[in-house]
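Enquirer: Got a sequence here, can you build the structure:
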Amino acid sequence: NGSTVTGTTTLQSGITGVGSGQTATFNKVVMSGTATTSILRVAGNSADSTVTIGVGGITASGGEIQVKFNTSASNATLNLGGDFTATGNVNFTNGGYTGSTALNLIKLNGTRTFEIGSTFTTTVAPDIAGTNAGDGLTKTGAGTLVFNTTMVGSYTGATTVSAGTLLINGSLGNTNVSVDSSATIGGSGDIGGSLSFADGAKLTVNLADPLSVSGLVNFANFGFDDLNGFDVETAALGTYTLLAGSNFDFTNVEHFGLANAFTRGDGAQAYFESGSLAVTIAAAVPEPSVILLGSLGFLALARRRN
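Expert: Numbering: from 1, shown residues only. Here you go, the predicted structure:
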């Protein structure tokens, strides 16, 4: 209890961390192994537990980081003073805790980078908070970061998706999220703050349960090519909600409104519309000459019958 490791802590197998009512500080942690064989644990069982990671951060090719491993009403806190780098599939778990009387918390000290390597996924179940107002998170790397957080904790710092994909399947708090060019955002959860798309930023579509944004959503330059998981050329006729919310700036959205519709190969009209970020696929409108010929044909038929 109260121990400090100033060098590098290498975790290849077994459990390293603190039990209930204990604290420890590690300058840098390097992890490998699997989720069942290599575990960094902040217990938070019968009493509060805290692990502080220094400027060396955490680098992991495998293993599991447990910020609470049960459902008891005690706090488990991971103070993150360095960045997180994943070169394999690594998860932050919380033992399935869903209550509001105690926190399972990853506490960011400064703006921390979560770099997830290509083809890999890191899932975060514990809540996110800042040590100070403005402490935020930057997602880098070509891999995927998934937030399943419930945000009992308070997170108001800026969130930047610089590369790869960020999926928000829980609640991300009152944070302003920005998505850089070629980076992607998606999920089925909600953002309490704003959302900004740079030119070339992508949205992964979840039609069954679209991502919801409470604050302003704006776009630098956005069109059908920036949608992942929705093919405007093959979608059936109808209206589809891609992003839920009520505060959108559509100034830089291509094909916004029927007057600016995109004509598909089958003649159907596809366009973005307001209310939320929605796409409508409407039936083809016949050319005026076709309508005129049809009308003349009807009149000729009527005369013959008379």
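Enquirer: On the three-state scheme, the residue nearest the centre of the chain is what?
Expert: In the chain, the residue lying closest to the centroid (Cα atoms, centre = their mean) is Leu167, at 2.6 Å. At Leu167, secondary structure determined by DSSP: H, G, I helix; E, B strand; the rest coil is strand.
Enquirer: Quick check: closest non-adjacent residue to it.
Expert: Leaving aside its chain neighbours, Leu167 sits nearest to Gly187 (4.2 Å; criterion: Cβ to Cβ, 6 or more residues apart in numbering). Backbone N, C-alpha and C define where each C-beta goes, glycine included.
Enquirer: how about the helices of this protein, start to end?
Expert: With helices called from DSSP state H, the chain shows them at 288-305.
Enquirer: The residue nearest to the centre of the chain reaches Val205, doesn't it?
Expert: No. With contact defined as Cβ atoms under 8 Å, Leu167 does not count as touching Val205 (11.8 Å).
Enquirer: Could you name every residue contacting both of these two?
Expert: Gly186 (Cβ atoms under 8 Å, 6 or more residues apart in numbering).
Enquirer: measure the residue nearest to the centre of the chain to Asn132 for me?
Expert: Distance of Leu167 to Asn132, computed by Cβ to Cβ, to the nearest Å: 27 Å.
Enquirer: Could you pull out the buried residues of stretch 135-143?
Expert: For stretch 135-143, burial by neighbour count (16 or more other Cβ atoms under 10 Å) applies to 135-141, 143.
Enquirer: Where does pLDDT dip in the stretch 151-300 of the chain?
Expert: The stretch 151-300 of the chain contains residues with pLDDT under 70 at 152-153, 287-300.
Enquirer: repeat that with 50
Expert: Low-confidence segments of the stretch 151-300 of the chain (pLDDT under 50): 290-300.
Enquirer: residues in contact with the residue nearest to Leu167?
Expert: Applying Cβ under 8 Å, 6+ apart, the residues contacting Gly187 are 146-147, 166-169, 204, 206, 211.
Enquirer: how does it look with 7 Å?
Expert: By Cβ atoms under 7 Å, 6 or more residues apart in numbering, Gly187 lies in contact with 167-169, 206, 211.
Enquirer: Out of the buried residues of stretch 135-143, which is nearest to Asn260?
Expert: Set against Asn260, the nearest of the buried residues of stretch 135-143 by Cβ to Cβ is Lys139 (32.6 Å).
Enquirer: and that closest one, how far is that from Phe224?
Expert: Lys139 sits 25 Å away from Phe224, taking Cβ to Cβ as the criterion.
Enquirer: same thing with Thr23?
Expert: 52 Å.
Enquirer: now swap in Ser276 and tell me
Expert: From Ser276 across to Phe224, the span is 16 Å (Cβ to Cβ).
Enquirer: for this structure, longest strand please?
Expert: Assignment by DSSP state E gives strand 49-60 as the longest strand of the chain.
Enquirer: Mind giving me the packing neighbours of it?
Expert: Counting contacts by 3 or more Cβ pairs under 7 Å, 6 or more residues apart in numbering; DSSP states H and E, strand 49-60 packs against strand 14-18, strand 23-31, strand 38-42, strand 76-80, strand 84-86.
Enquirer: Mind checking the ones you listed for the one nearest to Ser162?
Expert: Closest approach to Ser162 among these is made by strand 84-86 (13.9 Å; Cβ to Cβ).
Enquirer: you'd agree Ser61 is up against Asn89?
Expert: No. The pair Ser61 / Asn89 is not scored as a contact, 9.1 Å apart, by Cβ atoms under 7 Å.
Enquirer: More neighbours: which of the two?
Expert: Asn89 (21 against 17; other Cβ atoms under 10 Å).
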